[in-house]
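Participant: I'd like to go over a predicted model; first the sequence, then the structure.
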Amino acid sequence: MQKHPVIAIAGLACETSTFSPARTLAAAFHPRRGREIIEKYAFLSPGMPLGDSASWKGALIGHALPGGIVTRAAFEELANEILTRLGQICESSPVDGLWFDIHGAMCVEGLEDVEAELLRRIRLVVGSNVIVSASMDLHGNVSQQLAYQTDLITCYRMAPHEDEMDTKERACRNLVDILTSRADARSRPLKAWCKIPILLPGEQTSTRVEPAKGLYALVPGVEAIPGVIDAAVWVGYAWADEPRNHAVVMVTGWDAEIVTENAQRLAMHFWDSREAFHFVAPTGSLAECIHVALESDRRPFYISDSGDNPTAGGAGDVTWSLARVLARPEFQKADGPVVVYASIPGQQAADTIVRAGVGAIVTVVAGAEVDNIHQGPIAMTGRVHAIKHGDRDAIIECVLQVGSVFVIITKLRKPYHHESDFTELKLEPRTADIVMVKIGYLEPELYEMAADWRLALTPGGVDQDLKRLGHCRIHRPMWPFDESFNEPPDLRPRLIPSSNEPFVE
């Protein structure tokens, strides 16, 4: 009987904005270790085809809510534990493969291209002959060094990321297939890597609409070509300022001509479509979006407060939009149009509300504890509508009714993506006039609920107006920062060598 391969699992994931003053600490990663990792992914469970096809050994994974730059101390703490745990796994049994479970847009104080750096350190422990399969967000960044350190690499094909688990399962399945089918244990897949000088926000590259919908529809067809293992297209992460921030195509397989030809075909399609990328919804200033919502008879009407989106890396506590909502006369009486605002963090405000209790009238100050660049903290007086304890991210959630605005105040920042996020706070988003959420494109449940919506171009660490953020380290020219190029970009893919071979960028 053929021995099952031993596959270790490790990785850190955090989408981080270098334009946010926030910092991400180790606890934010909610690390999982050992069996906790296997239990997180149902497709690795005993009795499942993948679960039974290998001996899976969890080291450590950590997935933090997107935010500001990760502190160096936090990274070193988690990275060192990963290395220690991998060393212990290697001592008990030789490791054949590694699933590198990452996002791809993490930035760390004092380091660059940190996913490649983490994998470089991992390879010093597990060895250069271990086959590594990485799964990533399509908003991650694939430098040549990361491509070099991996053997297999793939990313989501949908934005919003409804295929997250499918992608991770695909990365594991490709890894098992390689480990169980190679006639020569030294053989490695070929990797065609192609840089595309485009850097766009996710709200302009949603696969719900063209041209991203058509671009990503090509990927499964490339993957199905004989000689190809996987094909992937990365949009890249627009709110960080590093040389690796740009779009990338990679195709892996066994035939050099096939992988390079198809990588170039996908890259050219992406480049040729660049002028067709537009926002996934109608946009406008906050005032324009509120005006449209009030004039509309479609309910509920959603407005994305996009500049401070905590699931893209915003600090989540920018008060700029909330201050303007509360200042509008339409919303200053309790019988005005019902607005739900999600959300603003304020630790002291949450504690004050909890002490006062539901039904009390309180005055609190919240927001701008981290990101006060655009607006300072905001004072609010209102009636306590609801209190909830125990959320994984927020810890405490409160609702304060200020006029006709129901403001969700949290102890720590939290994204609001699900109907239950509201209903558990005694809010009914389906019957509200306006629901304003710190988000970019609407996540699936919100998208289904919205009778109509607008994307407000508001300030913050993930401002949709990229040109006003001040990128200075990305490679130029870069679309749309530069709309004219002296000559067309070189979209010829490069074959990246295996990690056990010499490589010069």
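Facilitator: That came in fine, so what should we check first?
Participant: which strand or helix spans V407?
Facilitator: strand 405-410 (DSSP states H and E).
Participant: just checking: what are the partner strands of that strand?
Facilitator: Each strand pairing with strand 405-410, determined using DSSP bridges, is listed with its direction: strand 339-345 (parallel), strand 395-402 (antiparallel).
Participant: output it as PDB - backbone C-alpha positions only.
Facilitator: Extracted as PDB, the C-alpha positions of strand 405-410 are listed here (Å, rounded to 0.1, in the frame of the first residue of the first chain):
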ATOM      1  CA  VAL A 405     -30.400  57.200  13.100                       C
ATOM      2  CA  PHE A 406     -29.600  53.900  14.700                       C
ATOM      3  CA  VAL A 407     -25.800  54.000  15.300                       C
ATOM      4  CA  ILE A 408     -24.100  50.700  16.000                       C
ATOM      5  CA  ILE A 409     -21.300  51.300  18.500                       C
ATOM      6  CA  THR A 410     -18.800  48.600  19.100                       C
END
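Participant: quick check: which of the strands paired with strand 405-410 is buried the most?
Facilitator: For those, the largest average neighbour count (mean count of other C-beta atoms under 10 Å) is found in strand 339-345, namely a mean of 26. Where you see a C-beta, it was placed from the backbone N, CA and C, and this is true even at glycine.
Participant: chain center to that strand: distance?
Facilitator: Centroid displacement of strand 339-345 relative to its chain, using C-alpha atoms, centre = their mean, to the nearest Å, is 21 Å.
Participant: just the mean pLDDT for it, thanks.
Facilitator: When the per-residue pLDDT values of strand 339-345 are averaged, the result is 98.
Participant: what lies in contact with it?
Facilitator: Contacts of strand 339-345 with the rest of the structure, by C-beta atoms under 8 Å, 6 or more residues apart in numbering, involve 316-317, 319, 322, 325, 331, 366-367, 369, 378, 394, 397, 404-414, 416, 421-422, 427, 429, 432-438.
Participant: restricted to strands, list those.
Facilitator: Assignment to strands by DSSP state E places the following of the contacts of strand 339-345 there: 366, 378, 397, 405-410, 434-437.
Participant: quick check: which ranges of the stretch 201-350 of the chain have low pLDDT?
Facilitator: Across the stretch 201-350 of the chain, not a single residue meets the criterion (pLDDT under 70).
Participant: that one: helices as residue ranges?
Facilitator: Per DSSP state H, counting those that start in this stretch, the stretch 201-350 of the chain has helices spanning 212-217, 219-223, 256-272, 286-295, 320-327, 347-356. These are given in chain order.
Participant: could you point out the longest helix of this protein?
Facilitator: Within the chain, and with DSSP state H defining each element, the longest helix by residue count is helix 72-92.
Participant: which parts of that one are buried?
Facilitator: For helix 72-92, the neighbour count (16 or more other C-beta atoms under 10 Å) marks A74, F75, L78, A79, E81, I82, L83, R85, L86, I89, C90 as buried.
Participant: pLDDT wise, what is A183 at?
Facilitator: Note for A183: predicted pLDDT of 57.
Participant: residue contacts, the nearest residue to L152 once chain neighbours are set aside?
Facilitator: Using C-beta to C-beta, 6 or more residues apart in numbering and skipping the chain neighbours, the partner closest in space to L152 is S133 (3.9 Å). By C-beta under 8 Å, 6+ apart, the residues touching S133 are 97-100, 150-154, 171-172, 174-175, 178.
Participant: re earlier: output the ones in strands among the contacts of strand 339-345 as JSON lines; include the columns pLDDT and distance to E483.
Facilitator: Compiled in JSON lines, the ones in strands among the contacts of strand 339-345 are given as follows (pLDDT from 0 to 100; distance: C-beta to C-beta, whole Å):
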{"residue": "A366", "pLDDT": "98", "distance to E483": "40"}
{"residue": "I378", "pLDDT": "98", "distance to E483": "38"}
{"residue": "E397", "pLDDT": "98", "distance to E483": "44"}
{"residue": "V405", "pLDDT": "98", "distance to E483": "40"}
{"residue": "F406", "pLDDT": "98", "distance to E483": "42"}
{"residue": "V407", "pLDDT": "98", "distance to E483": "40"}
{"residue": "I408", "pLDDT": "98", "distance to E483": "40"}
{"residue": "I409", "pLDDT": "98", "distance to E483": "42"}
{"residue": "T410", "pLDDT": "98", "distance to E483": "40"}
{"residue": "I434", "pLDDT": "98", "distance to E483": "35"}
{"residue": "V435", "pLDDT": "98", "distance to E483": "35"}
{"residue": "M436", "pLDDT": "98", "distance to E483": "32"}
{"residue": "V437", "pLDDT": "98", "distance to E483": "31"}
